[in-house]
Each structure stands twice: as structure tokens, then as C-alpha cells.
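**Student:** coords please:
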Amino acid sequence: MGGIDVGVANGSPRGATEADVPLPPVVAAPSPLDAPINQALAAPEVAPAPTCVSSSVDHDHWQQELEGLRALECQVRADAANAASCAAQVHDIAAQKAAIKRRLRAS
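**Tutor:** Sure thing, here's the model as predicted:
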């Protein structure tokens with residue numbers, strides 16, 4: 001399985017393949033824009049709450065946060081339903097395979 005010769009381009013010895021070149025670790029840094037949603041999901045009891053809705057900007061901000069959380073909740077519920085459906089399909093496939101194996105052994 002000869003890989004791509006990355007050789008001199010990255011300073012590695014001649015004949016090194018792309019599989020030999022270490023990749024930098026992938027680190028997903030949290031975005032400051034996601035902080036309110038992440039905080040609300042991590043610990044709803046300590047989620048930031050408006051101390052007072054003194055302006056329409058604060059009100060609009062928290063309305064947007066609420067709408068975003070509602071959308072996220074819908075997506076999580078849909079994903080959970082899909083996961084349950086996939087698990088049922090895997091179970092059905094396993095049952096079909098077992099039935100075929102029994103028939104093959106019997107013949």
C-alpha cells in the first residue's frame with residue numbers, strides 16, 4: 001500500500017508516506033457565540049437569566065435565545081426518534097440474518 005510520497009515538501013525523510021506524517025490534534029474550541037446555549041444546556045438551573053428586561057434589545061435577545069433552544073430541542077427529539085428507528089431496523093436485520101443462517105444450516 002504505497003501512500004503518497006510527501007518527501008521533501010514537509011521536511012520528512014525521502015520515502016515517507018502521508019501515513020507516516022503526524023497530523024496536528026483537532027481541538028474544537030467553543031465559540032463565544034455558543035456560550036449562552038452551552039450554559040443553558042449544561043446547567044439549566046444556573047443558565048444566565050435576565051435580571052431585568054429594561055430594553056427591547058434585552059427582550060429581543062432573550063426571545064432569540066428561547067427560539068434557538070426550542071429549535072435545538074426539536075432537533076434533539078428528532079434525532080432521538082431517528083436513533084430509535086435505526087435501532088429497530090438493526091434488530092430486524094439481525095433477525096433476518098439469523099433466519100437465513102438457520103435455513104442454510106438446515107439445508
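**Student:** pLDDT below threshold where in the chain?
**Tutor:** For the chain, the stretches flagged by pLDDT under 70 are 1-54.
**Student:** So residue 59 versus residue 77, what's the distance?
**Tutor:** Relative to residue 77, residue 59 is positioned 27 Å away (CB to CB, to the nearest Å). Heads up, the C-betas are built off the backbone N, CA and C, glycines and all.
**Student:** Let me fix that, I meant to ask about residue 100.
**Tutor:** The span separating residue 100 from residue 77 equals 35 Å under the rule CB to CB.
**Student:** And residue 69, by the same measure?
**Tutor:** Look at residue 69 and residue 77: by CB to CB, they are 12 Å apart.
**Student:** of these two, who's got more company?
**Tutor:** Neighbours were counted for residue 69 and for residue 77 using other CB atoms under 10 Å; residue 69 has more, 16 against 10.
**Student:** Confirm that one sits in a helix?
**Tutor:** Yes: secondary structure of residue 69, determined by DSSP: H, G, I helix; E, B strand; the rest coil: located in a helix.
**Student:** what's around residue 56, how many residues?
**Tutor:** Other residues within reach of residue 56, judged by other CB under 10 Å, total 9.
**Student:** Same question for residue 78.
**Tutor:** Neighbourhood size, residue 78 [other CB under 10 Å]: 10.
**Student:** Mind telling me what element it is part of?
**Tutor:** Secondary structure from DSSP states H and E places residue 78 in helix 56-106.
**Student:** Residue 78 and residue 84, how far apart?
**Tutor:** As for residue 78, its distance to residue 84 is 11 Å (criterion: CB to CB).
**Student:** Having no further points to raise, I will conclude here.
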